[in-house]
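Peer 1: Sequence and predicted structure, then a few things I'm wondering about:
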Amino acid sequence: MPPRIANAITLWYDALCMIALPPSQNAARVERLGHFMLKGVNKALREHAMLANGDRVLVAVSGGKDSLTLLDLLYRRQRFAPEDYCLVVGHLRSDHHCGHAVPEEWLRAWCEARGVPLVTAAMEVADEIAAAAREGSVGPCFLCARRRRRALVELARAQSCTKIALGHHADDLAETALLNLFFNARLETMAPVMPLFAGLVTLIRPLAYIEERDIVTFVRAAGFPITGAPCPDGAASRRATVRRLLRAIESEHHGAKRCILSAVAHASHRTAATTHPKEDDRVEY
C-alpha cells in the first residue's frame, strides 16, 4: 500500500480530523449508525453480563467522543433493552488538561431533554501531577486516570449506583494489551467487567467491541459540538506511541487489532483463574 494512502487511512478517523470536518446532521444516518453500533454493545453486554434488572448505572461522561457515544447508545438501548436499568450521567471537572469535550451547558441541556439526571463534581489533580513530574515518579496519565476513577466511584456511591459505565473501546483495549506486553511483560488488557470493593461497585465497558473509527463516524453524523485542544501530556505518553504503532500496522493489516484482542482472550481463558487483570498497574489508561 502506498505511504500516502496508508497515512490517509490512519488519519481519517483521528480525533483532530473529526473536529475539523463539519457534521452531517443527517438524522437517518445517525439512526443507522447507532443501530449498527448497538449490535456490538449488545454483544459485549450479553457476553459479559454487564447489566441486570434494577441496575442504576453511572455513565462517566467526560464530554469527549467516546463517552458521549456510550451515553447516547445506552440511552437509545433503553427503549428495547431486556434489562430494566436507570442511567445517571457523571461529569467530572478537572483542574488539569481535559482535552476535546462538549461544553457542560450543552451536556446539561442534552440530559434535561431526555430526562437523564446529570451530576457533576470537581476533581483536583494538577498539584499531584506537578509534584510527580518534579520527582519523576509516575506519568501524568496514570495519576489522572487513577484519581478520576476514585472520584467516579465516590460519585457513584453518592448516587446509589452499583455500575459505572466507562467509554473505553476496542482500540483502547488493544493498545492496553500492547502496553502491558511491552512495558509489563504481561498479555493482559482492561477487563470488560471489573468488580471493585468486593462487588460494591462494578466497572463496565460496553464499547469493548466497538472500534474508534466507527465512533468518530457516529459523532460526526450526530453533530456533537466537541471543541478544545487535546491534552498535551497525552501526546508524549507511552499510549500515544503504541497508538501510532497500532495504526501503522492496521494500515497494512486491518485485522491486527482484533488479532491482539483474540490473543488476550485466549490467554485469559488458559490462565483463567481466579483474579481479574490489575487496573492499578502503571499503565497509562
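Peer 2: Received, thanks.

Peer 1: All the strands of the stretch 1-150 of the chain, residue numbers only.
Peer 2: Using DSSP state E, counting those that start in this stretch, the strands of the stretch 1-150 of the chain run over residues 56-60, 86-94, 118-123.

Peer 1: closest one to Cys231 among the ones you listed?
Peer 2: The minimum distance between Cys231 and the strands of the stretch 1-150 of the chain falls on strand 86-94, with 9.8 Å, by CB to CB. C-beta here means a position set from N, CA and C on the backbone, and glycine is covered the same way.

Peer 1: and the closest one, which strands flank it?
Peer 2: Next to strand 86-94 in the sheet, as set by DSSP bridges, lie strand 56-60 (parallel), strand 118-123 (parallel).

Peer 1: Would you mind confirming that Leu73 is in contact with Pro206?
Peer 2: Yes. Using CB atoms under 8 Å, Leu73 makes contact with Pro206 at a distance of 7.3 Å.

Peer 1: separation between Ala27 and Val41?
Peer 2: According to CB to CB, to the nearest Å, Ala27 and Val41 sit 20 Å apart.

Peer 1: what's the answer for Leu68, then?
Peer 2: Applying CB to CB to Leu68 and Val41 gives a distance of 14 Å.

Peer 1: mind showing which ranges of the protein have poor pLDDT?
Peer 2: Scanning the chain with the threshold set as pLDDT under 70 gives 1-25, 98, 132-133, 136-137, 270-285.

Peer 1: Using CSV, write out every CA atom in the longest helix belonging to it.
Peer 2: Ranked by residue count under DSSP state H, the longest helix found in the chain is helix 27-47. Below are the C-alpha coordinates for helix 27-47, written out as CSV (Å, rounded to 0.1, in the frame of the first residue of the first chain):
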residue,chain,number,x,y,z
ALA,A,27,-30.9,12.0,11.4
ALA,A,28,-31.5,8.9,9.3
ARG,A,29,-27.8,8.3,9.1
VAL,A,30,-27.3,8.7,12.8
GLU,A,31,-30.1,6.2,13.4
ARG,A,32,-28.4,3.7,11.1
LEU,A,33,-25.0,4.1,12.6
GLY,A,34,-26.4,3.9,16.1
HIS,A,35,-28.3,0.7,15.2
PHE,A,36,-25.1,-0.8,13.8
MET,A,37,-23.0,0.0,16.8
LEU,A,38,-25.7,-1.2,19.2
LYS,A,39,-25.1,-4.7,17.8
GLY,A,40,-21.5,-4.6,19.2
VAL,A,41,-22.7,-3.1,22.5
ASN,A,42,-25.4,-5.7,23.0
LYS,A,43,-22.8,-8.4,22.3
ALA,A,44,-20.5,-7.1,25.0
LEU,A,45,-23.3,-6.6,27.5
ARG,A,46,-24.6,-10.1,26.8
GLU,A,47,-21.3,-12.0,26.8
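
Peer 1: buried sites along it?
Peer 2: Of the residues in helix 27-47, Val30, Leu33, Gly34, Met37, Leu38, Gly40, Val41, Asn42, Ala44, Leu45 count as buried by neighbour count, 16 or more other CB atoms under 10 Å.
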